[in-house]
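Visitor: quick one: sequence and predicted model below, then my questions.
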Amino acid sequence: MKVLVLNNMVPFLRGGAEALADEIVRRLNATKGIQAELVRIPFKWEPVERLIDEILICRTMRLYNTDLMIGLKFPAYLVPHTRKRLWLLHQFRQAYDLWDTEQSNIPKTPPGHEIRQAVIEADNRCFPDCEKILATRLVANRLLHYNGFYAEIMMAPLNDPELFIGGDYGSYVFCGGRINAGKRQHLLVEAMRFTRSNIRLVVAGPADSPADAARLQELVERYNLNDRVYLDLGFLPRERIAKYVNEALACAYLPVDEDSVGYVTMEAFSAAKTMLTVSDSGGLLDLVRDGDTGLVVQPDPESLAAAIDRLASNRAATIEMGKQGRLRWSGMNVTWPATIERLLG
Amino acid sequence: MKIVLVSSFVPFVDGGGRFIVEWLERKLLEHGHEVERIYLPFVEDPRDMFAQMVAYRLIDLTESCDRLIAFRPPSYMLRHPCKILWFIHHFRFYYDLWNTEYRPVPDSVSGRAIRETVLAADNATLGEARHIFTNSRTVSDRLRQFNGIDSEVLYPPLRDPERFRCDGYGDEIVCVSRIEHHKRQHLLIEALSHTKTPVKLRLCGVSSSGLYGSELEELTHRLGLDERVIIEYRWITEEEKIDRIAPALAVAYAPLDEDSYGYPSLEGSHANKAILTTTDSGGVTELVTDSINGYICAPQPQALAEGMDRLFRDKTRTSAMGRAAYQRILDLGITWDNVIQKLLT
């Protein structure tokens, strides 16, 4: 069977969705009887009038020599095909939840309303013809709320679970992921001022902006934490991230109201490391249960410091929680074979 | 430089139309440029191909890159202030194949109107290009004849030409190419039955339908050539191809009226092999001069048989023609350095 995966693209920009699209195609091609290929349709949403053109472009494209189409993002999923399924990574959020929260690029003028309506109508005409729609719970909730369509809940697996196999439990807490104010690495750095145990903190990942990197560096300097906090900022090879995870005592991740469980949590639990998080971290709390698979505390430095001390002083319990995390995560069967089976099944 | 390569494609079908794009992409990256390759779907269906052309036209990459290089039709319909074409063929059914059985619409008022619209759309958008290169004199001639547009021939090199080698001159004439009726492997087998020397023939490649392959096997058997014709009817890897050509006496390539010189002739030339072809092979005769770097025979079995016997009898001359074939590549500037210099100037 020939499976064509359709995604948007902005020339010279790559992010998580692009990596995921490549991985879907790679995994499909590794499946018996499946040939897969990726089509990337250029997408430009500024000025907002472009949206009408973009909808038209995709609705007018024709596919040939393709048995099944899998669409990932608006507007690429609008390309017509008789057998279409969606792994819905994104609708055009500016027409939906971001419109409601005044974060949209579409103005609330009469033409703006028309453009927004065109996006919604294009979506509503596309979804009924899809054999199946799969999405994370948050995206599925939005789809139901705004468009009245149901999606099956499906999480994206780790692209490289084979790297996160665990290892010795060291004497540091590791915090990975993108670095910005919303991910609150600064709270962890500040917490290190108040810890009493002999434990270190490692923060590694790409800073969204130079200011995000400077914020952490400045805190380390101000509180003289050079011996106890190690910052490894930038785009790091996956192998390096995996080594940090595999040799950590525990992992920490403090996003504000995250959409989903998040790759950072999936990596930690794959490697049987317990997760320290905070009570307002959102999707993580589905998996991270206080005292069971991790620690969930108030989002302030003092509470975090106490939790870090607890992880360090009772290593046996910490390791046990990590093992519970792995058990719970593997029980969810969020793997590539299961994902491909659902996409094609 | 930021460069976008854009072409149309048929999903899951490989061929020359992709190689030229992907090989250029790799060489541009090696030269330190930033490159995005975009393949857009297109179905050449008279009922809605103009709508699809409009979709191409609406795509806006004007601010996304310093230079846009377009290949297969109708990718040159995208707009860009610095649009360069490496034009590899027309919508041939509306051009040189109009007066043939391949004509896709009747030669009626409405059919002719479709044809005129294709030409008008081509003329308008081709005319926007800063420079048009083609892959052969044949294609340049058609641009002049049908569109009144001047272009420059820029011969596409092989991906890794330096890997081809020569291990002397044995008894086999080798033809590595897709096994298709219009590539006329049957003509080569028929020719062999008229030879007076014990020269052998090796045919390697895959076919889009199994029928022609079995016909060739049956023909070989019927002519009593089982000992002298070797058919490898399968996908041939690059290494295998190099190994088959290296000890060959010469290469043969006798397609019917091909646009370009064809990669098989180029591969033979890089391996210092003389090329056996026919007067009606089209682009191949741009590369081959009779008795200098190969033999150009009338497309009849007897005439080709004579060429085969000459190749076999006078190996001193055959090897000299092989060396001349390599020199011809250098004289024509069929190198990536030359291609990149031209496309980026």
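Guide: That came through, no problem.
Visitor: for residue 207, which non-adjacent residue is spatially closest?
Guide: You didn't say which chain, so I picked chain A. Residue nearest to residue A:207 in three dimensions, not counting chain neighbours: residue A:213, with 3.7 Å by Cβ to Cβ, 6 or more residues apart in numbering or on different chains. Any C-beta I mention is one placed from the backbone N, CA and C, and that applies to glycine too.
Visitor: oops, I was thinking of chain B
Guide: In space, residue B:207 is closest to residue B:179, 4.2 Å off (Cβ to Cβ, 6+ apart).
Visitor: I'd guessed residue A:190 sits against residue A:220; true?
Guide: No - using Cβ atoms under 8 Å as the test, residue A:190 is too far from residue A:220 to be in contact (10.1 Å).
Visitor: picking that back up, what are the buried residues along the helix or strand where the residue nearest to residue A:207 lies?
Guide: Using DSSP states H and E, the element containing residue A:213 is helix A:210-222. For helix A:210-222, the neighbour count (16 or more other Cβ atoms under 10 Å in any protein chain shown) marks A:212, A:213, A:215, A:216, A:219, A:220 as buried.
Visitor: show me what it is packed against.
Guide: Judged by 3 or more Cβ pairs under 8 Å, 6 or more residues apart in numbering or on different chains; DSSP states H and E, helix A:210-222 is in contact with helix A:185-191, strand A:229-233.
Visitor: picking up where we left off before, wait, the residue nearest to residue A:207 touches residue A:219, no?
Guide: No - counting by Cβ under 8 Å, residue A:213 stays clear of residue A:219, with 11.3 Å between them.
Visitor: stretch A:204-220: how far from the chain's middle?
Guide: For stretch A:204-220, the separation from the chain centroid amounts to 20 Å (computed by Cα atoms, centre = their mean, to the nearest Å).
Visitor: just the CA coordinates for that stretch, please, in PDB.
Guide: Output in PDB follows, covering the C-alpha atoms of stretch A:204-220 (Å, rounded to 0.1, in the frame of the first residue of the first chain):
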ATOM      1  CA  ALA A 204      20.500  21.100  29.200                       C
ATOM      2  CA  GLY A 205      18.700  22.200  26.000                       C
ATOM      3  CA  PRO A 206      18.300  25.100  23.600                       C
ATOM      4  CA  ALA A 207      17.400  28.500  24.900                       C
ATOM      5  CA  ASP A 208      14.500  30.100  23.000                       C
ATOM      6  CA  SER A 209      16.300  33.400  23.200                       C
ATOM      7  CA  PRO A 210      19.600  34.800  24.500                       C
ATOM      8  CA  ALA A 211      17.600  36.400  27.300                       C
ATOM      9  CA  ASP A 212      16.300  33.000  28.400                       C
ATOM     10  CA  ALA A 213      19.900  31.700  28.600                       C
ATOM     11  CA  ALA A 214      21.100  34.800  30.400                       C
ATOM     12  CA  ARG A 215      18.400  34.500  33.000                       C
ATOM     13  CA  LEU A 216      19.800  31.100  34.200                       C
ATOM     14  CA  GLN A 217      23.400  32.100  33.900                       C
ATOM     15  CA  GLU A 218      22.700  35.200  35.900                       C
ATOM     16  CA  LEU A 219      21.000  33.300  38.700                       C
ATOM     17  CA  VAL A 220      23.900  30.800  38.900                       C
END
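Visitor: where does residue B:180 land on pLDDT?
Guide: Note on residue B:180: pLDDT of 89.
Visitor: could you do residue B:118 as well?
Guide: 98.
Visitor: what about it, distance to residue B:6?
Guide: Applying Cβ to Cβ, to the nearest Å, the value for residue B:118 to residue B:6 is 19 Å.
Visitor: again with residue B:340
Guide: Taken as Cβ to Cβ, the span from residue B:340 to residue B:6 is 17 Å.
Visitor: more crowded one of these two?
Guide: Higher neighbour count among residue B:340 and residue B:6: residue B:6, with 27 against 16, using other Cβ atoms under 10 Å in any protein chain shown.
Visitor: so is that one in a helix, a strand, or just coil?
Guide: strand (DSSP: H, G, I helix; E, B strand; the rest coil).
Visitor: I'd say it and residue B:67 touch.
Guide: No - if you go by Cβ under 8 Å, residue B:6 and residue B:67 don't touch, sitting 11.1 Å apart.
Visitor: is it fair to say the residue nearest to residue B:207 lies in a helix?
Guide: No - Residue B:179: not assigned to a helix; according to three-state DSSP it is coil.
Visitor: give the contact list for it.
Guide: Counting by Cβ atoms under 8 Å, 6 or more residues apart in numbering or on different chains, residue B:179 touches B:185, B:203, B:205, B:206, B:207, B:212, B:213, B:216, B:233.
Visitor: 6 Å instead?
Guide: Residues in contact with residue B:179, defined by Cβ atoms under 6 Å, 6 or more residues apart in numbering or on different chains, are B:185, B:205, B:207, B:213.
Visitor: quick check, central residue of chain B?
Guide: Nearest to the geometric centre of chain B sits residue B:262, at 3.5 Å (Cα atoms, centre = their mean).
Visitor: which parts of the strand or helix carrying residue A:202 are buried?
Guide: When elements are assigned from DSSP H and E, residue A:202 belongs to strand A:200-205. Residues A:200, A:201, A:202, A:203, A:204, A:205 are the ones in strand A:200-205 that count as buried (16+ other Cβ under 10 Å).
Visitor: thought the fourth one was touching residue A:185?
Guide: What that stands for is residue A:203. Yes - under the criterion of Cβ atoms under 6 Å, residue A:203 makes contact with residue A:185 at 5.1 Å.
Visitor: need the residues touching each of these two.
Guide: Joint contacts of residue A:203 and residue A:185 (Cβ under 6 Å, 6+ apart) are residue A:175.
Visitor: ok, and the closest non-adjacent residue to residue A:286?
Guide: residue A:261 (6.0 Å).
Visitor: so what's that neighbour scoring on pLDDT?
Guide: Looking at residue A:261, the pLDDT reads 85.
Visitor: now the residue nearest in space to the middle of chain A. Nearest residue, chain neighbours left out?
Guide: In chain A, the centroid-proximal residue (Cα atoms, centre = their mean) is residue A:262; its distance is 4.7 Å. Closest residue to residue A:262 apart from its sequence neighbours, by Cβ to Cβ, 6+ apart: residue A:284 at 6.1 Å.
Visitor: appreciated, that's everything.
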